[in-house]
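S.K.: based on what follows, work out the 3D shape:
(one chain, ligands or ions: 1)
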Amino acid sequence: MVGVLALQGNYQMHANMLAKLNVETVFVKKTSDLLKCSSLIIPGGESTVISKLMVKYNLFDSVKDFSINHGIFGTCAGLIMMAKNTLKEVRTLNVIDAEVLRNAWGRQIDSFTANIEVDFDEVYDFKATFIRAPKIMNISKTVKLLGSINSEPVIIQEGKHLATTFHPEMHGDTLIHKYFLKMVGEID
Ligand code: GLN
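M.R.: Model prediction:
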């Protein structure tokens with residue numbers, strides 16, 4: 001079963017995407033929920049809040065342990081949580097070898113939707129919504145770049161982990177969720 005971290009943020013829409021793909025969701029609010037899962041989605045929302053709640057509900061260390069053997073898909077604030085940054089306002093998990101800059105496209109009012117090209121062996125168009133999105137600043141050679149906008153990386157993969165700076169759950173297109181689920185062997 002696929003877990004969706006459900007402490008704060010847009011977790012319900014990720015569950016809707018999984019339902020569209022006939023995949024069962026577990027809303028993860030505590031470690032016992034996580035232990036039922038074979039992979040995890042960390043939604044967008046507010047990383048400062050997600051990080052604090054993960055510590056408060058003892059999920060920080062369990063998600064970190066989980067990441068060793070299971071794939072994690074982080075979107076927007078979820079990507080920030082996965083990054084290796086040292087930030088004073090967000091304690092990050094350091095599961096993907098990339099650094100991020102929070103709120104790097106501007107304020108809430110500067111949020112935007114754009115068509116991007118995503119390179120999953122074949123190239124696909126995808127309608128991506130960026131909501132007070134981070135930018136990916138430094139990526140190591142072990143990180144695969146799967147798409148960018150204006151030369152800014154917006155979707156990256158490292159091993160079994162996937163991360164986007166945008167929200168992929170907003171417009172009903174399951175392309176990116178499907179890629180992640182295939183990548184981690186949840187679907188064929
Ligand atoms: N700006 C938010 C943060 O820094 C991320 C926004 C989002 O997830 N849409 O956590």
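
S.K.: what parts of this structure come near the ligand?
M.R.: 44-47, 76-77, 80, 102-103, 131-132 (Cβ under 6 Å from any ligand atom). All C-beta atoms are positioned from the backbone trio N, CA, C, and that covers glycine.

S.K.: please pick the buried ones from those.
M.R.: 44-47, 76-77, 80, 102, 131-132 (16 or more other Cβ atoms under 10 Å).

S.K.: could I get those residues as CSV with pLDDT and secondary structure?
M.R.: Output for those, formatted as CSV (pLDDT from 0 to 100; DSSP: H, G, I helix; E, B strand; the rest coil):
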residue, pLDDT, secondary structure
44, 98, coil
45, 98, coil
46, 98, coil
47, 98, helix
76, 98, coil
77, 98, helix
80, 98, helix
102, 96, coil
131, 98, coil
132, 97, coil
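
S.K.: wait, which of the residues of the chain next to the ligand is closest to residue 159?
M.R.: Ranked by distance to residue 159 (Cβ to Cβ), the residues of the chain next to the ligand are led by residue 80 at 19.0 Å.

S.K.: now do the contacts for the spatially closest residue to the closest one that is not a sequence neighbour.
M.R.: Nearest residue to residue 80, sequence neighbours excluded (Cβ to Cβ, 6 or more residues apart in numbering): residue 47, at 4.0 Å. By Cβ atoms under 8 Å, 6 or more residues apart in numbering, the contact set of residue 47 is 77, 80-81, 90, 102.
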